[in-house]
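> Below are the sequence and a predicted model; questions follow.
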Amino acid sequence: MKELFHGIFLIDNKLAVENPFPGFEPFDEEVIKLEKKEFRVWSPLRSKAAAAIMRGIKEFPIKEGSKVLYLGIAHGYTSSFLSVLVGKGVIYGVEFSERCFNELLPLCEKYKNIIPILADARKPEDYVWIEKVDIVYIDIAQPDEIEIFIRNCKEFLKKGGYGMIAVKSRSIDITKSPTVIYKEALKKLENDFEIIDWKTLDPYERAHAFVVVKFKH
């Protein structure tokens, strides 16, 4: 067992996070029992963050106590792992789809540091009550994803805070090659952020990249 980042382990070449609720497997995921502990396997086929780690991203800034704004939290697969990493921190999970939001709610009853917010990430004024955060994480299928990310960072991200972006090239512009989309996205980010690292997510997620940035402001 090797710890890759805070609370994220590689066990038998599988990514895993300790399960704080042994026996609770909300997504029917594989579990590994080791050293009297239970670990949930975090599939890179189901999570862009997990795929980025498996692809060798050099920094993963979510730590114990982190406050995270998660845009596009969906039904909560990735956030169920991030919840364990932040511990006494908090994840503010914004989701626009009522169906996904309703699927998320039972998870939030178990992982009490995930705060569900039914809102449009294009309208940060609708959840302006949340506090400043250490990390803004975005995973939404919108052509203006990068602009939405920047707007939310300017509203909520602490100076020197981090951004984590799952870039969905097909959602941004299906007529351009993914490589062109990634370059354009990085260019848009350069004014306000230091690019820490980025990786394409093939073979786990086709036509996707994952970018880690640091806020200059």
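Arrived safely, thanks for sending. None of the values given here were measured: they were computed from a predicted structure.

> For Ile140, which residues are in contact?
Residues near Ile140 by C-beta atoms under 8 Å, 6 or more residues apart in numbering: 71-72, 96, 121, 148, 168, 171. C-beta here means a position set from N, CA and C on the backbone, and glycine is covered the same way.

> Now with 7 Å, please.
Contacts for Ile140 (C-beta atoms under 7 Å, 6 or more residues apart in numbering) come out as 71-72, 121, 148.

> closest to Asp139 among those?
Distance to Asp139, by C-beta to C-beta, is smallest for Gly72 among these, at 4.4 Å.

> The closest one: neighbour count?
Using other C-beta atoms under 10 Å, Gly72 has 22 other residues around it.

> The closest residue to it other than its chain neighbours: what secondary structure?
Spatially, and ignoring its direct neighbours in sequence, Gly72 is nearest to Ile140 (3.7 Å; C-beta to C-beta, 6 or more residues apart in numbering). What DSSP: H, G, I helix; E, B strand; the rest coil gives for Ile140 is coil.

> List the buried residues for the worst-scoring helix or strand of the chain on mean pLDDT?
Scoring the helices and strands of the chain by mean pLDDT, DSSP states H and E places helix 169-172 at the bottom, with a mean of 90. The neighbour-count check on helix 169-172 (16 or more other C-beta atoms under 10 Å) flags 169, 171-172 as buried.

> what do you get for stretch 89-107?
89-96, 101, 104, 107.

> Quick one: residues contacting Lys63.
Lys63 makes contact with 6, 85 under the criterion C-beta under 7 Å, 6+ apart.

> swap that for Ala119, sorry
Neighbours of Ala119 in contact, by C-beta under 7 Å, 6+ apart: 94, 96, 126-127.

> How about Pro61?
Contacts of Pro61 (C-beta under 7 Å, 6+ apart): 135, 162, 212.

> Mind checking what secondary structure it has?
Three-state assignment for Pro61 (three-state DSSP): coil.

> Check Ile130 too.
Here Ile130 is coil, with the state taken from three-state DSSP.

> That one contacts Tyr92, doesn't it?
Yes. When contacts are counted by C-beta atoms under 7 Å, Ile130 is listed as touching Tyr92 (5.0 Å).

> joint contacts of these two?
Listed as contacting both Ile130 and Tyr92 by C-beta under 7 Å, 6+ apart are Leu69.

> Thanks again, I'm all set now.
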